Each structure stands twice: as structure tokens, then as C-alpha cells.
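In: generate a structure from the sequence data that follows.
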Amino acid sequence: MNSPIPSLAENFRYIEASATDGVVTLTINRPDVLNAFHPPACAELGAALDAFEHDPALRVALITGAGERAFSAGFDLQYANAHPELYEAPMFGSELVRRARGRKPVIAAVNGVALGFGFELALACDLIVAGAGARFGLPEVKVGLAALAGGVVRLTRELGPKRALGLALSGDIITAAEGLRLGFVNAVAEGDVMEMARALAVKLSRNAPLSLAATREMAYRSLDLPDLESALDPAQYPSLRAVLASEDAQEGRRAFLEKRAPVWKNR
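Out: Here you go, the predicted model:
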């Protein structure tokens, strides 16, 4: 089923959007600057993600970069030098990486380099699929800046402080294989990274939407609860209660007993 979201992209200059069978692909389209971000590109990607969240026909989003060289090289320093007022608002791009998490899965399909803000955007996604030639890093310390868009925080939560600071303090750029070993990359594609990412997105899209939302809520909300007892309490997760009382829960049980594919209604 095609989604209305491609029409939204008609108003975009820096993001391309296409959707098929419940999966939307959002492509950062500034290949001349290695898909580096500036405020207009951030605003467009934010609008596309908002449309994704509010479109019931869309189940999973893929974010990738145009061309073969870069997912995103990060913050567009050339644009910033031409617009020095940006340095007076250091939360540049925060509307993307600090937004409240939505209810639907988002996958980063990393083709080429993901540096600085580009790496932080990938970390803000739920899953990362990387091409064999992908590279990751937070080089802000090498240009007198700091990774303000969540990279240090998310890496520390995922890897622990020693490993996270090893990357963030050095500014080193590491391979996709090293990212897989450290644990922030979910899979490395030896072939076409988009083919692997789309296959994963389709796989996720076939699961119950309310169940996906509840699972994501438990994973992220549990990190902010004070102890294991609180984290194990089902009452902490409103989405979980909605799942248990849903029509889809009944449909899932019937489909299993009848040995057929379930038909989800998202209610």
C-alpha cells in the first residue's frame, strides 16, 4: 500500500521520502556536502518524521543518506561559517535527536560515514544497519566543539563510560565491524545496506503495531526508572496495558490457533 507521505516530499529540498507496504524511506539529500545538516534539512526531516508518526498506514521508517559516500557527515560547518548566528544557539538540530520518542520503530541505514551530528542521528534511531564500508565517529573535539546532540549520552548508556569516552575524547573514526563489536550497530551488510535494512523494516512491519509501541516503551522507559522492581512493574507502561486490552491481542491469538497470518487493526 502506498502512503500519502511522498506528496509531503514535494515541498522538500533536502529530504526525499518514499513509502511502500508500510515502510517509509527518508533520504538525506545533500550529497554535495556529504549530507551534512543545516537548519532547513533538520526542519524537513523533523516534518517527515512527524508525518510518519501520524500516518496509520506507515509502520516503520528508514533513514539513510543520498549517494554512496555518506549517511551524514554531521554539522555543516561551511553553512555555519556563513551564518555565525548558529553558534549563538548551540542546540542546533536538537528538534531531531531530543524529540520525544515516537511509537514506531526507526532504523538508520548507514551508507558511508556517519560523523558528528550524523552519528548522533543514527544513535537516536532504534536500530542501526551499516554497510561494510560505514564509518562512525564524534570528531567535534578536533574542531573545538562538543557533541551536544546526544551522542555522548547515548553512547555512555549503551557502551558504558570507558568505551564511550574512548570514542568521544579521541574523536577517532571507527569501522562498522567495530561498531558491531561494541554493540551500537545491529547488523553489517556485506552487500547492499538498503536491501538488508528494508528486509528488517518489512519484518518489523508485519508485527502488531501496538505490540511494537509497547515493547519500545518498556525498553526506553525502564532506563529512567530507579530500580529493577519499578522497571518490572507493568503499571509503569501505559502502552502495555493498551496491548492487553486490544482487539489485536485477540486477533493474534486467533491467527495463531488458526495457523494463518494475523490482520492487525492497530486497536
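
In: what residues are up against residue 234?
Out: Contacts here follow C-beta atoms under 8 Å, 6 or more residues apart in numbering; on that basis residue 234 touches 240, 241. (Glycine included, C-beta is placed from N, CA and C.)

In: now do the buried residues in stretch 120-132.
Out: Of the residues in stretch 120-132, those with enough neighbours to count as buried (16 or more other C-beta atoms under 10 Å) are 120, 121, 122, 123, 124, 125, 126, 127, 128, 129, 130, 131.

In: try stretch 230-243
Out: When neighbours are counted by 16+ other C-beta under 10 Å, the buried residues of stretch 230-243 are found to be 237, 239, 240, 242, 243.

In: excluding sequence neighbours, find me the nearest residue to the fourth one.
Out: Going back to what we said before, that points to residue 242. Among residues not flanking residue 242 along the chain, residue 210 sits closest, at 6.0 Å (C-beta to C-beta, 6 or more residues apart in numbering).

In: ok, the nearest residue to residue 137 once chain neighbours are set aside to residue 134 distance?
Out: Nearest-residue entry for residue 137: residue 173, 3.7 Å, with adjacent residues in sequence omitted and distances by C-beta to C-beta, 6+ apart. Here residue 173 is placed at a distance of 10 Å from residue 134 (C-beta to C-beta, to the nearest Å).

In: what sits in contact with each of these two?
Out: Shared between the contact lists of residue 173 and residue 134 (criterion: C-beta under 8 Å, 6+ apart) are residues residue 113.

In: the two: which is more packed in?
Out: Just comparing residue 173 and residue 134: by other C-beta atoms under 10 Å the higher neighbour count belongs to residue 134, 27 against 16.

In: identify each buried residue in stretch 25-37, please.
Out: Of the residues in stretch 25-37, those with enough neighbours to count as buried (16+ other C-beta under 10 Å) are 25, 26, 27, 28, 29, 30, 33, 34, 35, 36, 37.

In: show me where the stretch 101-250 of the chain has strands.
Out: Under the criterion DSSP state E, counting those that start in this stretch, the stretch 101-250 of the chain carries strands at the ranges 106-110, 113-115, 127-131, 135-137, 173-175, 187-189.

In: okay, these in a markdown table with mean pLDDT and distance to residue 72 next?
Out: Conversion of the strands of the stretch 101-250 of the chain to a markdown table gives the following (pLDDT from 0 to 100; distance: least, C-beta to C-beta, whole Å):
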| stretch | mean pLDDT | distance to residue 72 |
| --- | --- | --- |
| strand 106-110 | 97 | 9 |
| strand 113-115 | 97 | 6 |
| strand 127-131 | 98 | 13 |
| strand 135-137 | 97 | 11 |
| strand 173-175 | 96 | 14 |
| strand 187-189 | 97 | 18 |
